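**Student:** Test case, fold it:
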Amino acid sequence: MEYAIGVTAAIAVGLFASVIGFDQERSFYPVVLIVIATLYLLFAAIAGSPEFFVAEAIPALLFVTIATIGFRKTPWLVVVGLALHGVFDFFHPAVIANPGVPVWWPGWCLAYDVGAAAYLAALLLVRRSSNAT
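**Tutor:** Numbering: from 1, shown residues only. Predicted coordinates for the structure are as follows:
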């Protein structure tokens, strides 16, 4: 169920951002990636675990870096970052046993991340084809 809700949420947020015009700003999806990347830090803080906070900070910094470079260079890097975060979510429970992470979170986040990556990729392709005509 968390997978269906995650994909639905990603598409709903993407459509909302497109309708309102939020995603006209180049920074929108990089900020989404940064927020997604830092949520595991929130779960470590909820658990009151400095060790897990440090463990979660390492991948968070990686994804913040990808978002920043993607913002500066190409939004396609943000697509890659979102998809890679989905892969990270899949492996997260086996790599970092953060007790603050809800059981359903990695699956939900994986689905959201991949859904958001797909939405952004489709948006970029549509914009490219409409600019080419």
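**Student:** Report all helices and strands that the top helix by length along the chain contacts.
**Tutor:** Using DSSP state H, we find that the single longest helix of the chain is helix 105-132. Under the contact definition 3 or more Cβ pairs under 8 Å, 6 or more residues apart in numbering; DSSP states H and E, helix 105-132 sits against helix 2-20, helix 28-47, helix 75-95. To be clear about C-beta, it is placed using only N, CA and C from the backbone, and glycine gets the same treatment.
**Student:** ok, and what's touching the second one?
**Tutor:** Right, helix 28-47. 13, 17, 22-23, 52-53, 55-57, 59-60, 62-64, 66-68, 70-71, 75, 78, 81-82, 85, 92, 96, 98-102, 105, 109, 112-113, 116, 120 (Cβ atoms under 8 Å, 6 or more residues apart in numbering).
**Student:** okay, the angle between whichever helix or strand comes after that helix and helix 75-95?
**Tutor:** For helix 28-47, the following helix or strand on the C-terminal side (DSSP states H and E) is helix 50-72. For helix 50-72 against helix 75-95, the angle by axes from the mean of the first three to the mean of the last three Cα atoms, to 10 degrees is 160 degrees.
**Student:** Any buried residues in helix 50-72, and which?
**Tutor:** 52-53, 55-56, 59-60, 63-64, 66-68, 70-71 (16 or more other Cβ atoms under 10 Å).
**Student:** Stretch 21-32 too?
**Tutor:** 22-23, 28-30, 32.
**Student:** tell me the mean pLDDT for it?
**Tutor:** On average, the pLDDT along stretch 21-32 is 94.
**Student:** swap in stretch 82-89?
**Tutor:** Across stretch 82-89, pLDDT averages out at 97.
**Student:** how far out from the middle of the chain is that stretch?
**Tutor:** Mean-position distance between stretch 82-89 and its chain equals 7 Å (Cα atoms, centre = their mean, to the nearest Å).
**Student:** And stretch 50-68, by the same measure?
**Tutor:** 13 Å.
**Student:** please renumber so the chain begins at 753
**Tutor:** Yep, numbering from 753; the last one is stretch 802-820 now.
**Student:** follow-up on the earlier one: list the buried residues in the longest helix of the chain.
**Tutor:** 857-873, 875-876.
**Student:** about what we covered before: next, format the buried residues of helix 802-824 as a markdown table and append distance to residue 789.
**Tutor:** Shown next, in a markdown table, are the buried residues of helix 802-824 (distance: Cβ to Cβ, whole Å):
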| residue | distance to residue 789 |
| --- | --- |
| 804 | 15 |
| 805 | 14 |
| 807 | 14 |
| 808 | 9 |
| 811 | 7 |
| 812 | 5 |
| 815 | 3 |
| 816 | 6 |
| 818 | 8 |
| 819 | 7 |
| 820 | 11 |
| 822 | 12 |
| 823 | 13 |
